[in-house]
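Engineer: With the input below, show me the fold.
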Amino acid sequence: MISVTVFSFAQTSKNSTKQNIQLVSPKLFNERLQQGGVVLIDVRTLGEFRKGHLKGARLLDIFSDDFEKEVNKLNRTASYMIYCGIGGRSAECTEMMRKKGFTSVYELDGGIKRWQSEGFPVEQ
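Structural biologist: Just a heads-up that it's a prediction; the model follows:
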């Protein structure tokens, strides 16, 4: 089986900052994580996070009242790895980050369910 980037685009926003927003397979997501220098964000609820999450993930619950406020505090030039349960919430977060001018965001295609189904580990 060949892993490919399912979705990738680079665009120049109004302030001329190049954006790299990618939807990637668990294999490519793991490879990027192993390279380091990224912030790993789980956008699920605290209950879901406690049942299992990727090692080193920071919880940023997309349903919390202060979610957008917390996103606004993040460094727009850092590299982020975003995931959720199956992909819906991470897509929403990634789109928000794109609109806010974040320059490097990788979204896990299929979420933590696909991650686990392909044999990658989670911790509690």
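Engineer: any idea how far the longest helix along the chain is from the chain center?
Structural biologist: Ranked by residue count under DSSP state H, the longest helix found in the chain is helix 88-99. Relative to its parent chain, helix 88-99 has a centroid offset of 8 Å by CA atoms, centre = their mean, to the nearest Å.
Engineer: Kindly report the same for stretch 35-55.
Structural biologist: Stretch 35-55 has its C-alpha centroid displaced from the chain centroid by 9 Å (CA atoms, centre = their mean).
Engineer: again, but for stretch 25-42
Structural biologist: Distance, stretch centre to chain centre, for stretch 25-42: 9 Å (CA atoms, centre = their mean).
Engineer: before we move on, the earlier item: who touches the helix or strand just after the longest helix of the chain?
Structural biologist: Helices and strands here follow DSSP states H and E; after helix 88-99, the next one along the chain is strand 104-108. Outside strand 104-108, the residues within contact range by CB atoms under 8 Å, 6 or more residues apart in numbering are 19-24, 26, 29, 32, 38, 77-84, 87, 90-91, 93-94, 97-98, 114-115. (C-beta placed from N, C-alpha, C; glycine too.)
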